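Participant: using only what follows, build the 3D model:
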Amino acid sequence: MQGINIGFDAKRLFNNFTGLGNYSRTLVHNFHHYFPENNTYLFTPKTKETTEIREFFDSSYKLIQPQLIPGGFWRTFTSAAIIKKLKLDIYHGLSHELPIGISKTGAASVVTIHDLIYKTFPSDFSIIDRNIYDFKFRYACENADVIIAISESTRNDIQKYYKIPSEKIKVIYQSCHNNFKQIQSQAQIDEVLTIYKLPKQFMLYVGSVIERKNLLTLVQAINEIKDQIEIPLLVVGGGREYFQKVKNYVSEKGLEQQVIFAPPILFHHLPALYQKAQLFIYPSVYEGFGIPIIEALWSHTPVITSNCSSLPEAAGPGAYYCNPTDKNSIAEGIIKISTQPEYAQQLITNGFNYVQQFDDFKLTNQLTEVYKSIIKG
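Facilitator: Prediction:
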């Protein structure tokens, strides 16, 4: 694919450092890496200065930002005029949104829909937020030339709630940052453990500590087997009310030795933790996809995850599947992996073989095939 002008909605790329931001950075980096002959424009109302986004300030990218117009208004209502002026061939909204008037710009348009959590868990959102999301998501889906869903689960939700024809939706899975594919030496791992004063052995949870991701049920499972399994759970992630609820439970049950809350971990140190972990546990009740699972599979780490939503798509045969609402189901998985090394090794082998389909080049080629199919003129 050569010589096209392509714009990306890069708000999350520059300002979000969890799921949506990771997706945006990985996708744009891979496209630019494998197809550098294209002109890549990054639209963002603001930026931050962190190591994760340093590469995107390189002159090979073209940064587009508002001058005098407030960022939120600019992104939704003014970007279309800039897209038209730049004569972009394609504009890709990387996180659920497209600018108003996108169909009048002359550019083909793509939107990535990650999940419809505001529909599936409406009580987690205010009525104002639900209405805003419904307008933006629906507008993007109805006006995009192609919708990219990050899983079959998300595709099904798009069809269920928006009645979009299936042929307009393409499922393209996600990869993860290349850091997680690089083997860490024992010295590198030991250095990370020393920096953060972490134990030599641990089970690992990585993710926001919010109700949907279900950490409390995991901690309750650990309480049930605290006399059988001595390896502690290391929690990497933060939150607010729900996070405090989990910490209160740990305190009430005297689980301070069984559940360790890590300090903030630098992104480039995470691969060492994934590769050191005895097992990775991700008992979320709903995910658009589940990048942390991919990170664990690349790290040769056995996984426990939920038997619902998109999570079986992410983990394939590399996971023990639990009922995320049942603490005993999670506990059984921990005991089985911890006490049956042959079973754990089989999960590692199956998972590493399975995760090869999420190779950067394969997924980027799938993306460019979508782009080729919609370029106008």
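Participant: heading C-terminal from the worst-scoring helix or strand of the chain on mean pLDDT, find the next helix or strand.
Facilitator: Across the helices and strands of the chain, mean confidence by mean pLDDT, DSSP states H and E is lowest for helix 71-73: a mean of 72. Next in sequence after helix 71-73, counting helices and strands by DSSP states H and E, comes helix 79-86.
Participant: what mean pLDDT does that next one get?
Facilitator: In this model, helix 79-86 has a mean pLDDT of 95.
Participant: output the contacting helices and strands for the very next helix or strand once past that helix.
Facilitator: Using DSSP H and E, the next helix or strand after helix 79-86 towards the C-terminus is strand 90-93. Under the contact definition 3 or more CB pairs under 8 Å, 6 or more residues apart in numbering; DSSP states H and E, strand 90-93 sits against strand 5-9, strand 108-113. Where you see a C-beta, it was placed from the backbone N, CA and C, and this is true even at glycine.
Participant: could I get the ones you listed as CSV with mean pLDDT and distance to residue 276?
Facilitator: What follows is the helices and strands packed on strand 90-93, written out as CSV (pLDDT from 0 to 100; distance: least, CB to CB, whole Å):
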stretch, mean pLDDT, distance to residue 276
strand 5-9, 97, 34
strand 108-113, 97, 32
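Participant: what's the most buried one of these?
Facilitator: Across these, the average number of neighbours (mean count of other CB atoms under 10 Å) peaks for strand 108-113, which reaches a mean of 25.
Participant: so what's the residue count around residue 37?
Facilitator: Other residues near residue 37 come to 8 when the count uses other CB atoms under 10 Å.
Participant: residues contacting the spatially closest residue to residue 82 that is not a sequence neighbour?
Facilitator: Of all residues not flanking residue 82 in the chain, residue 64 sits nearest, at 6.3 Å (CB to CB, 6 or more residues apart in numbering). Counting by CB atoms under 8 Å, 6 or more residues apart in numbering, residue 64 touches 7, 41-44, 82, 86.
Participant: got it, and residue 313?
Facilitator: 151-153, 173, 289.
Participant: okay, and it sits in which element?
Facilitator: Here residue 313 is assigned to helix 311-315, by DSSP H and E.
Participant: using a markdown table, lay out the helices and strands packed on strand 90-93 together with distance to residue 266.
Facilitator: Below are these laid out as a markdown table (distance: least, CB to CB, whole Å):
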| stretch | distance to residue 266 |
| --- | --- |
| strand 5-9 | 25 |
| strand 108-113 | 27 |
